[in-house]
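Student: would you be able to build a 3D model of this:
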Amino acid sequence: MAAIGLSFPVAAQDTSAPATSGQVFRVDDSGTVVIDPVLEMQWQPPGRTGTTSLVSAATRVSVQLNLAAWVGRSGRIYMTLPRTAGPTVRATWRTGGTLLPGTLVSGDRSLVYAGAINSPLLRDLIDIELEADGARLARPEALAFGFEIEIDQ
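Tutor: Model (predicted):
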């Protein structure tokens, strides 16, 4: 079975222009650590039809977002997962309470925080489970999660 490599790439904050309402910025997540960055996907048990091609794996992620550029503002933070050439991946996570739990499909983004930015660092532990079509997962895949922030007025 193929493996999935999980990373949260270092994404510098783009603060070259003053933030105005509705602007989207990449968030520096260089402090984020994936506990198990290479996951060996496991076949899921057959469902009602007696067959399945679904594979999954889980890990824990220590999320640390550098929000220093936006302290005193409010906005919405989204987790992103770019689409790859491989199969569509579904990520589902539970959090320690700072971030919102949720689900994300590759190629989309999902809201993980909304409100005031009161601290330069936002930290949380998330337990994340990944699922993909094992029939299309022929070789190791690399997933590059990221974070974006939209600033309110």
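
Student: got any ranges where this structure has weak pLDDT?
Tutor: Low-confidence regions of the chain, defined by pLDDT under 70, span residues 1-22, 46-52, 134-139, 153.

Student: just the CA atoms of stretch 27-35, as CSV, please.
Tutor: Output of stretch 27-35 as CSV, limited to C-alpha atoms (Å, rounded to 0.1, in the frame of the first residue of the first chain):
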residue,chain,number,x,y,z
VAL,A,27,-0.2,32.4,7.3
ASP,A,28,3.2,31.5,8.5
ASP,A,29,2.8,28.0,9.9
SER,A,30,6.5,27.2,10.2
GLY,A,31,6.0,26.3,13.9
THR,A,32,3.6,23.5,12.9
VAL,A,33,4.8,19.9,13.5
VAL,A,34,3.3,16.7,12.1
ILE,A,35,3.9,14.0,14.6
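
Student: and it, what's buried?
Tutor: Buried residues in stretch 27-35, counting neighbours by 16 or more other CB atoms under 10 Å, are found at 27-29, 32, 34. Heads up, the C-betas are built off the backbone N, CA and C, glycines and all.

Student: what does stretch 80-88 give?
Tutor: Applying a neighbour-count criterion of 16+ other CB under 10 Å, one finds 80-81, 86-87 buried in stretch 80-88.
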